[in-house]
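Trainee: one predicted model, sequence on top.
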Number of protein chains: 4
Amino acid sequence: MRTHMETISVRYAETDRMGVAHHSSYLLWFEIGRTGLLREAGHPYKELEASGVLLPVIEYGARFLLGADYADVLAVETTVREIRSRVVTFDYVARRGNDIIATGFTRHACMDESKRARRFPEYLISAIAPFQG
Amino acid sequence: MRTHMETISVRYAETDRMGVAHHSSYLLWFEIGRTGLLREAGHPYKELEASGVLLPVIEYGARFLLGADYADVLAVETTVREIRSRVVTFDYVARRGNDIIATGFTRHACMDESKRARRFPEYLISAIAPFQG
Amino acid sequence: MRTHMETISVRYAETDRMGVAHHSSYLLWFEIGRTGLLREAGHPYKELEASGVLLPVIEYGARFLLGADYADVLAVETTVREIRSRVVTFDYVARRGNDIIATGFTRHACMDESKRARRFPEYLISAIAPFQG
Amino acid sequence: MRTHMETISVRYAETDRMGVAHHSSYLLWFEIGRTGLLREAGHPYKELEASGVLLPVIEYGARFLLGADYADVLAVETTVREIRSRVVTFDYVARRGNDIIATGFTRHACMDESKRARRFPEYLISAIAPFQG
């Protein structure tokens, strides 16, 4: 199974008064991971949208083991948990050095430009298959 | 069971190029709901923090049924799913008129100012008990 | 001169590790002020966009006198500094009680749906004139 | 004069329903530029804060010439316009290829950990002098 890897540096604006990254920031990092995986698979998300393949988020979840400080450098690993005809699920692991600081997933439907449900195109299913466990 | 109610108006900056609110925005609205519940319970979160009771998020999840457009007015209902000695879980429902557009939860540990695990103070458990189902 | 008034409560996520609201948050509050003024003038920004009147920001500026803490309640006053055929400038004052904590402005061009420059419609110029000093 | 260079990739979440990056996003990119310059000068901002040198923003401004689309790769150049005993001003230019898409500045005071005004330490003034025009 291939894993897509992104390196994230925690922005000052992403922290809150507790001194660590706000929990919503992880969704932005997961988004960077997911779109990076699609780019690595040969289908940048911007091109997918231009061709009428939109992937709105229909569910997400995350667990936090450690906080992320300002300027921490994190490795975000993205894989595909499952892809069916109309739903795809991505898994994420965020690490700082050897420590896992958070895990998460996002689930997406497939929509066309008019925001009607559609099936994933076959080329997309094939392209991301190598990232599935 | 009491429910805490907040009204949210979707900000322009909270939308993305798909034309609807970005999925991370819901966590900010849930935060408004949760801190509003604490305030209604007599313990504004700012005062809790000042007294050494911090509630970092250790897990969250959300499901989306409909998109939220710019300027939509949403009702966010917050309740307490469960409170144990060291972990509390809040549930959220976001509605637009009669439609549920999203549901979610957040789970929080209890930490002191030095970021060590601690038990919830009894007064907090009692204060939020009426919001539990 | 009329002034449009909005009340803002500083969100936890809007603070950063310095303990006060991040300086970018003010632009979101100014946006609430500006779109509130348009709504008070009878032309909600969403309807303007739907009718082919987009107001992209071409310049902004802000000065900060005091920090805004989490949960502070701020009054944001918005007025129109100047409206010409193709450029409009809004002024903002953010107060906490009697203290001015920040001032700012945003300048906007007028674009149609195809993102070409256009003149402001006369009805919009008339509608916001009462908010000009 | 030295210029500090950062490369920014526009995040999906940074766009709004107009289809381009929200105008507040530029402040986050400028922050990456400014803190990158400090790091290149040998004084990462996190270390400055730890040593009691905080640089709150007291003023900012920006002008926009072109919009930034999702996934655009931007070069953000940061220089020092002026440093005096208690105020420093940074200038920013954001480019996409050969096009300047935005310019801006931020002005900062110097504060200690108790949030009292203080002078910049001499070592910091010397370290960033090479970035001044």
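Mentor: Noted; the coordinates are in hand.

Trainee: from chain C, how far off is the closest residue to chain B within chain A?
Mentor: Checking chain A residue by residue against chain B with C-beta to the nearest C-beta singles out A:Gly61 as nearest, at 3.7 Å. For every residue, glycine as well, the C-beta is placed using N, CA and C. Shown here: A:Gly61 relative to chain C, a distance of 19 Å by C-beta to the nearest C-beta, to the nearest Å.

Trainee: repeat that for A:Ala62.
Mentor: A:Ala62 sits 15 Å away from chain C, taking C-beta to the nearest C-beta as the criterion.

Trainee: check that residue and give its pLDDT.
Mentor: With respect to pLDDT, A:Ala62 has a value of 98.

Trainee: ok, now A:Pro121?
Mentor: On the pLDDT scale, A:Pro121 gets 97.

Trainee: what pairs with A:Ala102 across the strands?
Mentor: The residues listed as beta-bridge partners of A:Ala102 by DSSP bridges are A:Phe64, A:Ala94.

Trainee: what's near enough to touch it?
Mentor: Contact partners of A:Ala102, counting by C-beta atoms under 8 Å, 6 or more residues apart in numbering or on different chains, are A:26, A:62-66, A:68, A:92-94.

Trainee: try 10 Å this time
Mentor: A:Ala102 sits next to A:21, A:23, A:26, A:29-30, A:62-68, A:74, A:76, A:92-96, B:58-59 when contact means C-beta atoms under 10 Å, 6 or more residues apart in numbering or on different chains.

Trainee: so how far is A:Val93 from it?
Mentor: According to C-beta to C-beta, to the nearest Å, A:Ala102 and A:Val93 sit 8 Å apart.

Trainee: for A:Glu14, same thing?
Mentor: For A:Glu14, the distance to A:Val93 (C-beta to C-beta) stands at 19 Å.

Trainee: next one: A:Leu27
Mentor: Distance of A:Leu27 to A:Val93, computed by C-beta to C-beta: 15 Å.

Trainee: the more surrounded of those two?
Mentor: Neighbours per residue (other C-beta atoms under 10 Å in any protein chain shown) separate A:Leu27 from A:Val93, with A:Leu27 holding more: 23 against 16.

Trainee: give me the neighbour count for the residue lying closest to the more buried one once chain neighbours are set aside.
Mentor: Take A:Leu27 and drop its neighbours on the chain: the residue closest to it by C-beta to C-beta, 6 or more residues apart in numbering or on different chains is B:Ser24, 4.2 Å away. By the measure other C-beta under 10 Å, the count of residues near B:Ser24 is 23.

Trainee: near chain D, which residues of chain A?
Mentor: Proximity of chain A to chain D is assessed by C-beta under 10 Å from any C-beta of the partner chain, with A:9-14, A:24-25, A:27-29, A:31-32, A:34-36, A:39, A:44-47, A:49, A:69-72 identified as the residues in range.

Trainee: could you pick out the buried ones from the residues you listed?
Mentor: Neighbour counting with 16 or more other C-beta atoms under 10 Å in any protein chain shown marks A:10-14, A:24-25, A:27-29, A:31-32, A:34-36, A:44-46, A:49, A:70-72 as buried within those.

Trainee: taking the chain centroid, which residue in chain A is the extreme one?
Mentor: Residue distances from the centre of chain A (C-alpha atoms, centre = their mean) peak at A:Arg17, which lies 26.0 Å from the mean C-alpha position.

Trainee: please verify my assumption that that residue contacts C:Asp69.
Mentor: Yes. A:Arg17 is in contact with C:Asp69 according to C-beta atoms under 10 Å; the separation is 8.4 Å.

Trainee: which residues are in contact with both of the two?
Mentor: Overlap of the contact sets of A:Arg17 and C:Asp69 (by C-beta under 10 Å, 6+ apart) consists of B:46, C:15, C:19-21.

Trainee: pull out the buried members of those.
Mentor: Buried members of the shared contacts of A:Arg17 and C:Asp69, counted by 16+ other C-beta under 10 Å: B:46, C:15, C:20-21.

Trainee: does stretch A:107-122 come close to chain C?
Mentor: No. Stretch A:107-122 is not in contact with chain C by C-beta under 10 Å from any C-beta; minimum separation 15.7 Å.

Trainee: any idea how far apart the tips of that stretch sit?
Mentor: 18 Å (C-alpha to C-alpha, to the nearest Å).

Trainee: cheers, nothing more for now.
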